[in-house]
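Novice: Quick one: sequence and predicted model below, then my questions.
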Amino acid sequence: GAVVSQHPSWVICKSGTSVKIECRSLDFQATTMFWYRQFPKQSLMLMATSNEGSKATYEQGVEKDKFLINHASLTLSTLTVTSAHPEDSSFYICSASETNRAGQPQHFGDGTRLSIL
Amino acid sequence: TQLLEQSPQFLSIQEGENLTVYCNSSSVFSSLQWYRQEPGEGPVLLVTVVTGGEVKKLKRLTFQFGDARKDSSLHITAAQPGDTGLYLCAGGYTNAGKSTFGDGTTLTVKP
């Protein structure tokens, strides 16, 4: 149980392109979803927290106009990297939680490797 | 901002050796999770600990939660190459709306 599907796994695109990443909870309702960015051999860096039906809460230093997050249903959240540039290349991971209480286990997708040429 | 310190950052050992990874904070956790992540994949939940002094075992992995709920450890007995990966602890604090992740421990077990 508690499966999270993230799509696509890999994206390679030209600079200036906008890229959408989907995160779906397959067998549970995700009250809260999180979006992370991860650099090689480093820990997860939280970008934003999204609750179904409300605006995402972005971490300090994360541009909300650059990284658009939509959480329109209890099973789907999307992250759109707008006008992507090479410095946006990274591994992006989503996770989902069945509650919005702090400290609850998160179920992670398998990540999206984004490469901007 | 709550800080969660994880140590060591890197660990390279031979198959069959034992190891311990530590996760410490100056604040009290409401709960704590340990995850393992393999390259190119998302983290996988190993365990959640909630009660101070709690000990949980998962095959060769033993997880301890400190009595004061400010620290935790992960002990692996007779490590195997399949244990290789990035181990992450994540703590929830009662006055925060999200979990905080440690910097991770990259474990390499050589055959």
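Specialist: Alright, I've got the coordinates.

Novice: Show me which residues of chain B are close to chain A?
Specialist: Contacts of chain B with chain A, taken as C-beta under 8 Å from any C-beta of the partner chain, map to B:6, B:29-33, B:35, B:40-45, B:48, B:86, B:88, B:90-94, B:96-99, B:101-104, B:106. Where C-beta positions appear, they are placed from N, C-alpha and C, glycine not excepted.

Novice: Identify the spatial nearest neighbour of the residue nearest to the spatial centre of chain A, chain neighbours not counted.
Specialist: Central residue of chain A (C-alpha atoms, centre = their mean): residue A:35, 3.3 Å from the mean position. Computed as C-beta to C-beta, 6 or more residues apart in numbering or on different chains, the closest residue to residue A:35 that is not its neighbour in sequence is residue A:47, at 4.6 Å.

Novice: Show me what whichever strand or helix holds that neighbour is packed up against.
Specialist: Secondary structure assignment for residue A:47, by DSSP states H and E: strand A:44-51. Strand A:44-51 sits against strand A:32-38, strand A:57-58, strand A:67-73, with contacts defined as 3 or more C-beta pairs under 8 Å, 6 or more residues apart in numbering or on different chains; DSSP states H and E.

Novice: just checking, the residue nearest to the centre of chain A touches residue A:67?
Specialist: Yes: counting by C-beta atoms under 8 Å, residue A:67 is a contact partner of residue A:35 at 7.5 Å.

Novice: what sits in contact with each of these two?
Specialist: Shared contacts of residue A:35 and residue A:67, defined by C-beta atoms under 8 Å, 6 or more residues apart in numbering or on different chains, comprise A:47-48, A:79.

Novice: For stretch B:18-32, list the C-alpha coordinates in CSV.
Specialist: Extracted in CSV, the C-alpha atoms of stretch B:18-32 (Å, rounded to 0.1, in the frame of the first residue of the first chain):
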residue,chain,number,x,y,z
ASN,B,18,28.4,-3.4,12.1
LEU,B,19,27.6,0.3,12.0
THR,B,20,25.5,2.9,13.7
VAL,B,21,24.1,6.1,12.2
TYR,B,22,23.0,9.0,14.5
CYS,B,23,20.4,11.6,14.3
ASN,B,24,20.3,14.5,16.8
SER,B,25,18.3,17.6,17.5
SER,B,26,18.1,20.2,20.2
SER,B,27,14.3,20.1,19.9
VAL,B,28,11.9,17.4,20.9
PHE,B,29,10.5,15.3,18.0
SER,B,30,6.8,14.4,17.9
SER,B,31,7.9,11.5,15.8
LEU,B,32,10.8,10.4,13.7
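
Novice: How far does it sit from its chain's centre?
Specialist: 7 Å (C-alpha atoms, centre = their mean, to the nearest Å).

Novice: Give me the buried positions along it.
Specialist: Judged by neighbour count (16 or more other C-beta atoms under 10 Å in any protein chain shown), stretch B:18-32 contains these buried residues: B:19, B:21-25, B:27, B:29-32.

Novice: Quick check: the gap between the residue nearest to residue A:35 and residue A:81.
Specialist: In this view, residue A:47 and residue A:81 are 10 Å apart by C-beta to C-beta, to the nearest Å.

Novice: Quick check: neighbours shared by the two?
Specialist: By C-beta under 8 Å, 6+ apart, residue A:47 and residue A:81 have these common neighbours: residue A:67.

Novice: Might one say that residue B:53 is in contact with residue B:68?
Specialist: No: taking contacts as C-beta under 8 Å, residue B:53 lies outside contact range of residue B:68: 9.2 Å.
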